[in-house]
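Engineer: Build me a model from this:
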Amino acid sequence: MDFLASPEFWLALGQIIIIDILLGGDNAVVIALACRKLPPAQRTKGIIWGTAGAIVLRVILIAFAMTLLALPFLKFVGALLLVWIGIKLLAPDEEGHGDVQGSDKLLAAIKTIIVADLVMSVDNVIAIAGAAQNAGEHQFLLVVLGLLISIPIIVWGSQLVIKLMERFPFIITFGGMLLGWIAGGMLVTDPAFLNVNIVEWMPKWGSVDEKGLAVISDTMYWTSHIAGALLVLLAGKIIVARRAAAAPAEQQG
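Structural biologist: Have a look, this model is predicted:
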């Protein structure tokens, strides 16, 4: 239980919870839409069982993701995906959830929740696996704890979170930058850039310890994380500004 006294453990857990809440907004909307036609007596059952099934599938996906991140260049690709997700968080596409089918049958609603969550969970899976990467042997425990803590918040507190985001836009900005921060760390700790026995022609700016964890300099650590956060922030701001500039032109046309 020594890991409970580790600041890295609690920092990673906090990151996972924030990621789940920020990226779980769409999932909460899907849950609400899928169960909206159920009788009130069955609505809670649909939410609980649908969410439970989604949690089990997500834990399995994340377990595979954390294993796959040990392969060369997958962290690199995952980091690029995280940057893209972070930018989309700051500059979201105008997409609705009108295609989510509501059902008056309990099992059909549960199936809709599980399938929709599975399709929409790629961003969560990559982000959570990245946040847990520095927790060593306790990665899976972190993932499970993060989900157990954040899922109730997503399901029953989604409206509150949405209102907070609307009132305090910096929360969304912070979330996007957090994904960029994690992406920067993922990129520089890819095995291809650390392990001298893997992809020997690639430059190595660190090493791997006996537990298989990345060892990089403090300068590389802070530079990569800060650069990732700033990249997401700047790209998101640029896209929003371009859309705002293009909107009047489209209206005139």
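Engineer: list the buried ones in the one helix or strand residue 84 maps to?
Structural biologist: Using DSSP states H and E, residue 84 maps to helix 74-90. Judged by neighbour count (16 or more other Cβ atoms under 10 Å), helix 74-90 contains these buried residues: 74-76, 78-79, 81-83, 85-90. The way it works is simple: take the backbone N, C-alpha and C, and place the C-beta from them, glycine included.
Engineer: Tell me the helices and strands packed up against the lengthiest helix in the chain.
Structural biologist: Scanning the chain for the longest helix, with DSSP state H as the assignment, gives helix 218-252. Contacts defined by 3 or more Cβ pairs under 8 Å, 6 or more residues apart in numbering; DSSP states H and E place helix 218-252 against helix 74-90, helix 170-188.
Engineer: of these, which approaches residue 239 most closely?
Structural biologist: Across the helices and strands packed on helix 218-252, residue 239 has its closest neighbour in helix 74-90 (6.7 Å, Cβ to Cβ).
Engineer: separation between residue 132 and residue 144?
Structural biologist: As defined by Cβ to Cβ, to the nearest Å, residue 132 lies at a distance of 10 Å from residue 144.
Engineer: still on that earlier bit, can you tell me which of the buried residues of helix 74-90 is nearest residue 107?
Structural biologist: Using Cβ to Cβ, residue 85 is the member of the buried residues of helix 74-90 that lies nearest residue 107, at 31.6 Å.
Engineer: ok, residue 132 and residue 144, which is more surrounded?
Structural biologist: The neighbour count for residue 132 versus residue 144, taken as other Cβ atoms under 10 Å, is higher for residue 132 (26 against 15).
Engineer: contacting residues for residue 220?
Structural biologist: The contact partners of residue 220, by Cβ atoms under 8 Å, 6 or more residues apart in numbering, come to 188, 205, 206.
Engineer: Just give me the neighbour total for residue 242.
Structural biologist: Residues lying near residue 242 (other Cβ under 10 Å) number 11.
Engineer: Include mean pLDDT and distance to residue 201 when you put the helices and strands packed on helix 218-252 into a markdown table, please.
Structural biologist: A markdown table is the format used below for these (pLDDT from 0 to 100; distance: least, Cβ to Cβ, whole Å):
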| stretch | mean pLDDT | distance to residue 201 |
| --- | --- | --- |
| helix 74-90 | 83 | 15 |
| helix 170-188 | 85 | 18 |
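Engineer: Serialize these to JSON lines and add fields for distance to residue 34.
Structural biologist: Conversion of the helices and strands packed on helix 218-252 to JSON lines gives the following (distance: least, Cβ to Cβ, whole Å):
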{"stretch": "helix 74-90", "distance to residue 34": "23"}
{"stretch": "helix 170-188", "distance to residue 34": "25"}
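Engineer: The stretch 51-200 of the chain: helices as residue ranges?
Structural biologist: 74-90, 106-120, 122-131, 139-167, 170-188 (DSSP state H, counting those that start in this stretch).
Engineer: of all these, which lies closest to residue 225?
Structural biologist: That would be helix 170-188 among the helices of the stretch 51-200 of the chain, by Cβ to Cβ, at 4.6 Å.
Engineer: and the closest one, what does it pack onto?
Structural biologist: In terms of contact count using 3+ Cβ pairs under 8 Å, 6+ apart, helix 170-188 is assigned the packing partners helix 7-23, helix 74-90, helix 122-131, helix 139-167, helix 218-252.
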